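Asker: Sequence first, then the predicted structure:
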There are 2 protein chains.
Amino acid sequence: MKNAARLNSRGNLILSSLSLADYELLEPYLETVQFRARDCLEQTNKKVERIYFPYRGLISVIAVSQNKRHESEAGIIGWEGMTGASVVLRSEPALTNVFVQIPGDGRAVLAGDLSMLMAMSSTLRDAFLKHIYVFLIQAANTALANARGRLDQRLARWLLMADDRVPGDGLHLTHEFLAFMLGVRRAGVTIALQHLESQGLICNSRGHIRLINRSGLEQCCDGLYGVAERELSRLFAPRYG
Amino acid sequence: MKNAARLNSRGNLILSSLSLADYELLEPYLETVQFRARDCLEQTNKKVERIYFPYRGLISVIAVSQNKRHESEAGIIGWEGMTGASVVLRSEPALTNVFVQIPGDGRAVLAGDLSMLMAMSSTLRDAFLKHIYVFLIQAANTALANARGRLDQRLARWLLMADDRVPGDGLHLTHEFLAFMLGVRRAGVTIALQHLESQGLICNSRGHIRLINRSGLEQCCDGLYGVAERELSRLFAPRYG
DNA sequence: GAAACACGGTACGCTTAGGTACACTCTGAT
DNA sequence: ATCAGAGTGTACCTAAGCGTACCGTGTTTC
């Protein structure tokens, strides 16, 4: 999934998958936006203003418990996806928080415009629905990983998913940050990262993690990485195959 | 959510939420079906033949790891929902297993017919999309519960969700079955059930669990139950409000 | 150059839950 | 009436991971 640049001529996989007619329909409504770390793009029980199509950066979708005492990441979105599931599924408001975790840039469209455009073009709407399906699979597999995976496996999964979405090699992340993302203890992340490093899978330095051996990391995940990723390439690749 | 019978005049909440025109469009294509325990309604990487609208019974959606070594429940479906997310989202084949866990009955429609009907009526399609959104929220909250909840909390959540979907009071379930559903050890379920019983929340007997105090169980869940359920009543209730 | 701060390594005790094993108790079948 | 089997209660040991704390080491700031 990391090397899909050629499929991504318009900077974002969903936009790239659109027919010329659909893209020309949508394009006039797209603003160019910058994502800054910790920007909040959607909030539970709030109306969604804009839907985002990232070019770069990492956006994460966080489930929040009824009483707001618990939070945990349900899935992440990058150049392959879009935010705004509640708008595409015509069920506002959002019931998750959506945050920028790694800064970047992309395009955005107003929720009302998107709804109008989906009504105008069923092929456009279908492209969005396909991404919703990939995201649903991703969330289901996050549930699976949380239920069955050890910390080091979940960490490896997260690193692979982040690496898929961040250009260049190496991720600028702190242990603290990863601990928050996985909902675990900071010290536990330190241990798990050392474990991965001792196997030669990654290279740790202060605030920076480089993936050395992706296939080794995938093995480490014991199958908890890959289902959504395979689906993504299946659904979006054929146009270019 | 348990007492929503009056909203459910057609036996299934999605069917009940349809306008008369949409229901009359769909109805000729609906078969009546019985669900037997352990029937497999969808399988990973297989084409979906039929989409089901349960009247009674409990259906669970299981995420499977890439290497098939791990499985875990991502969400459950009963009288309030429908199967066939991959068809509604136009992204076949399925990437989850879908099984009948508690027998019952309902209606079914062929995948091809459903696709055709969705193309004919956008309001029909929107009703299905709304359920997909509820299910997405449910899956995200399963991920949250798996990440943060203790066994007794996850068990209480599961019992509430099952009770929402099964008529009458009392669930016919074994500890073994619950252990499989939650992906935990059978002995752990026994302990957790005793814990819940000692608080007067449930009543255990051989192969049978009765919920005594629903609001107590909800408190026990510490917020991990309720987000998807509230959304469900918000999305589907207004027509009848 | 020194102080302030962010980040990372390590340690201790504790809780939760897994693995395994065995025994008890209903229930239905013969 | 007895037996087999399913379902349940309990126990022991181990592993994973949490809460907390403290200390080192880079990095930035003044």
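Answerer: Noted; the coordinates are in hand. Worth saying up front: this structure is predicted, and the values here are computed from it rather than measured.
Asker: isn't residue A:70 right next to residue B:223, touching?
Answerer: Yes. Judged on Cβ atoms under 8 Å, residue A:70 makes contact with residue B:223 at a distance of 6.1 Å. Using the backbone N, CA and C atoms, a C-beta is placed for each residue, glycine as well.
Asker: How are the helices of chain A distributed by residue range?
Answerer: Secondary structure of chain A (DSSP state H): helices at A:13-17, A:20-26, A:85-88, A:111-120, A:122-148, A:151-165, A:175-182, A:186-198, A:214-221, A:227-236.
Asker: and the ones you listed, which is most packed in?
Answerer: Relative to the other members of those, helix A:85-88 carries the highest mean neighbour count by mean count of other Cβ atoms under 10 Å in any protein chain shown, namely a mean of 26.
Asker: Now do the residue of chain A positioned farthest from its centre, the pLDDT please.
Answerer: Among residues of chain A, the one most distant from the C-alpha centroid is residue A:198; the distance is 27.8 Å, by Cα atoms, centre = their mean. You'll see residue A:198 listed with a pLDDT of 94.
Asker: what separates it from residue A:177, distance-wise?
Answerer: Taken as Cβ to Cβ, to the nearest Å, the spacing of residue A:198 relative to residue A:177 amounts to 22 Å.
Asker: ok, residue A:189 - contacts?
Answerer: Contact criterion Cβ atoms under 8 Å, 6 or more residues apart in numbering or on different chains gives A:151, A:155, A:175, A:178, A:179, A:182 as the residues in contact with residue A:189.
Asker: Kindly identify which of those residues also come near chain B.
Answerer: If you filter those for contact with chain B, counting by Cβ under 8 Å from any Cβ of the partner chain, you are left with residue A:182.
Asker: For stretch A:178-191, give the mean pLDDT please.
Answerer: Predicted confidence along stretch A:178-191 averages 95 (mean pLDDT).
Asker: Can I get it as CSV, trimmed to CA atoms?
Answerer: Taking Å, rounded to 0.1, in the frame of the first residue of the first chain, the C-alpha atoms of stretch A:178-191 are listed here in CSV:
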residue,chain,number,x,y,z
LEU,A,178,1.6,6.5,20.7
ALA,A,179,0.5,5.6,24.2
PHE,A,180,-2.4,8.0,23.8
MET,A,181,-3.3,6.6,20.4
LEU,A,182,-3.3,3.0,21.6
GLY,A,183,-4.9,3.9,24.9
VAL,A,184,-2.0,2.3,26.8
ARG,A,185,0.7,3.4,29.2
ARG,A,186,3.6,5.4,28.0
ALA,A,187,6.2,3.0,29.6
GLY,A,188,4.5,0.1,27.9
VAL,A,189,5.1,1.7,24.5
THR,A,190,8.8,2.2,25.3
ILE,A,191,9.1,-1.5,26.1
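Asker: Is there any residue in that stretch that contacts DNA strand D?
Answerer: Yes. Residues of stretch A:178-191 contacting DNA strand D under Cβ under 7 Å from any atom of the strand: A:183, A:184, A:185, A:186, A:187, A:188.
Asker: what's the neighbour count on the closest residue to residue A:16 other than its chain neighbours?
Answerer: Computed as Cβ to Cβ, 6 or more residues apart in numbering or on different chains, the closest residue to residue A:16 that is not its neighbour in sequence is residue A:10, at 4.3 Å. Residue A:10 sits with 16 neighbouring residues when counted by other Cβ atoms under 10 Å in any protein chain shown.
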